[in-house]
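Asker: structure, please.
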Amino acid sequence: MTIAELGSLGELIGSIAVIFTLIYLASQVRQGNVASLVESNQAINKKYSDFLKALYTNEVAFDVWSRGKKSYEALTVEEATKFQLIMYDAFGNWHEQWYQVECGVADDTQFYRLLAGIRTELRSLGVQEVWNIFEKYKMFDDKYIEFVREQIEWINADRET
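Answerer: Numbers count the residues shown, from 1 in each chain. Model (predicted):
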């Protein structure tokens, strides 16, 4: 075997080693992405679960939330403020999940579960009344406002059928 042949063999072995290294690195990146996705979904689930727990373990907050969902207009000024804060927190939680899906950090599978919850809450007249205030004062970005509008339109179309 000549020096040139040995050099070619060395290049071939080196190329194969590089390919295996790239495959290994790609698998490590993929595992890291999956772990990141799982952590993101767990954090969002915990945050929303904590939000709900704060409601159902606090009698006053739960009462305001329950009555506010039926009619925001029927609440006293103090109760209306509490209901606005509760719903701002809820819409903020939903915004985080929506934004993570928009950015590709969270997956659609996780979001569909939350979407059902969003649509359930938006069916309530009081929630829509408060959303109209948030939308009027641009309390969220335009893309999210459009997303919520689409959900309300979907709900209204569903009611008509």
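Asker: could you use CA atoms for every contact and neighbour count after this?
Answerer: Fine.
Asker: what packs against the lowest-mean-pLDDT helix or strand in the chain?
Answerer: Lowest on mean pLDDT, DSSP states H and E among the helices and strands of the chain sits helix 3-56, with a mean of 79. Other helices and strands packing on helix 3-56, by 3 or more CA pairs under 8 Å, 6 or more residues apart in numbering; DSSP states H and E, are helix 59-70, helix 77-103.
Asker: so that helix versus helix 77-103, what angle?
Answerer: Put simply, helix 3-56 runs at 170 degrees to helix 77-103, going by axes from the mean of the first three to the mean of the last three CA atoms, to 10 degrees.
Asker: helix 3-56 to helix 59-70, inter-axis angle?
Answerer: Orientation check (the same axes, to 10 degrees): helix 3-56 against helix 59-70 gives 100 degrees.
Asker: any idea how far helix 3-56 is from the middle of the chain?
Answerer: Its chain's C-alpha centre and that of helix 3-56 lie 23 Å apart, by CA atoms, centre = their mean, to the nearest Å.
Asker: going forward, count from 41.
Answerer: Okay, residue one is now 41; in that scheme the one you just asked about reads as helix 43-96.
Asker: what distance do you get for the residue nearest the centre of the chain to residue 129?
Answerer: When CA atoms, centre = their mean is applied to the chain, the residue found nearest the centroid is residue 137 (1.0 Å). From residue 137 across to residue 129, the span is 13 Å (CA to CA, to the nearest Å).
Asker: rewinding a little: any chance of the helices and strands packed on helix 43-96 in a markdown table, plus distance to residue 52?
Answerer: Converted to a markdown table, these look like this (distance: least, CA to CA, whole Å):
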| stretch | distance to residue 52 |
| --- | --- |
| helix 99-110 | 69 |
| helix 117-143 | 41 |
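Asker: just tell me which of those helices ends up closest to residue 48.
Answerer: helix 117-143 (45.6 Å; CA to CA).
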